[in-house]
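Q: build the 3D model from these lines:
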Amino acid sequence: MTRPASNNHTKREALLRAFPYTLPIMAGFLFLGITYGIYMRSLGHPAAYPVLMSVTVFAGSMEFVAGELLLGAFRPVHIFLITLMVNTRHIFYGISMLERYRGAGKKRFYLIFGMCDESFSINCTARVPDGIDRGWFWFFVTLLNQLYWITGATLGSLFGSLIRVSTEGLDFVMTALFVVIFTDNWIREKDHTSSLLGLAIPAAALILLGADRFMIPSMAAIIVVLLARYGKEERSAET
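A: Residues are numbered from 1 along each chain as shown. Below is the predicted model of the structure:
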């Protein structure tokens, strides 16, 4: 009788194969996680908040944004729309992984929950060696990446509790984070139209609507414009 593919040996082999792919992510996630933990503590949140957020939310940049949102009035619709706008790209990630994750069994529920940019990149492009269970390989890539983030956030939360120097100005980390993401994207792309639209639309919304109301309309406008541009390019390619 053939032993099930999900036995301990199969899991261990999948873990050993997945681990090297996640090493570059570990370096980045530990550093960013520590920064996130210290940032949350600088905002006055309890030490448990960044840890719980990393376990239950695991949304990277949205966790930074949530740090500020938690300090304001409870506006669930506003928070929902902000979260949707910040993480809209995951809709397209999810659509592209539907077939790939279809045969992963119950593991697909965690794969869906734990999908981030880095896990998507690895699971989408990595060549899983012959004889290795693909579902468990994808599972451990996702799990390891989340554990790195949780570990970093926990360390940052503890450091934030012990630091006695002024953390004034640390909230600039959010601005710095998005500047780095934008710069990296600018360097890698050949056509800068999307990046320029991402600058021009929020700038126009800020002028027209003011600092308190420009965020959601500008992000919604960016999504609509980019989707329209994508559809136009698809039609041109077909022609």
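
Q: where are the low-confidence patches of the chain?
A: The chain contains residues with pLDDT under 70 at 1-7, 163-178, 180-181, 239.

Q: do a quick rundown of the helices in it.
A: 8-42, 48-56, 61-69, 76-86, 89-96, 98-101, 107-113, 117-125, 134-162, 173-188, 193-209, 215-238 (DSSP state H).

Q: and the chain, what are its domains?
A: 8-167, 189-239 (automatic domain parsing).

Q: in TSV, list those domains along with distance to residue 183 and mean neighbour count.
A: In this view, the C-beta of every residue, glycine as well, is placed from N, C-alpha and C. Conversion of the domains of the chain to TSV gives the following (distance: least, Cβ to Cβ, whole Å; neighbours: other Cβ atoms under 10 Å):
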stretch	distance to residue 183	mean neighbour count
domain 8-167	15	17
domain 189-239	10	13
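
Q: between the two ends of stretch 205-213, how far is it?
A: One end of stretch 205-213 to the other measures 8 Å (Cα to Cα, to the nearest Å).

Q: ugh, wrong one, stretch 60-78
A: Note: stretch 60-78 ends 19 Å apart using Cα to Cα.

Q: dump the residue contacts of residue 214.
A: 202, 205-206, 208 (Cβ atoms under 8 Å, 6 or more residues apart in numbering).

Q: test my guess that residue 11 contacts residue 136.
A: Yes: applying Cβ atoms under 8 Å, one finds residue 11 in contact with residue 136, separated by 5.5 Å.

Q: now for residue 21: which residues touch it?
A: Counted by Cβ under 8 Å, 6+ apart, residue 21 has contacts 122, 126, 141.

Q: can you check residue 140 too?
A: 11, 14-15, 18-19.

Q: and those residues, which two are furthest apart?
A: 11 and 19 (12.5 Å; Cβ to Cβ).

Q: make TSV from the domains of the chain and add distance to residue 182 to it.
A: Formatted as TSV, those follow (distance: least, Cβ to Cβ, whole Å):
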stretch	distance to residue 182
domain 8-167	12
domain 189-239	7
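
Q: and which of the contacts of residue 214 is nearest residue 106?
A: For the contacts of residue 214, the nearest to residue 106 is residue 202 (41.0 Å; Cβ to Cβ).

Q: surely the closest one and residue 218 touch.
A: Yes: judged on Cβ under 8 Å, residue 202 makes contact with residue 218 at a distance of 4.1 Å.

Q: distance of residue 89 from residue 236?
A: 23 Å (Cβ to Cβ, to the nearest Å).

Q: relative to residue 104, which of the contacts of residue 214 is nearest.
A: residue 202 (37.9 Å).

Q: which residues does the closest one contact?
A: With Cβ under 8 Å, 6+ apart, residue 202 has these contacts: 214-215, 218-219, 222.

Q: kindly recompute the last result at 7 Å.
A: Residue 202 makes contact with 214, 218, according to Cβ atoms under 7 Å, 6 or more residues apart in numbering.

Q: give me the phi and psi for residue 131.
A: Phi and psi for residue 131, reported as degrees, to the nearest 10, are phi 90, psi -10.
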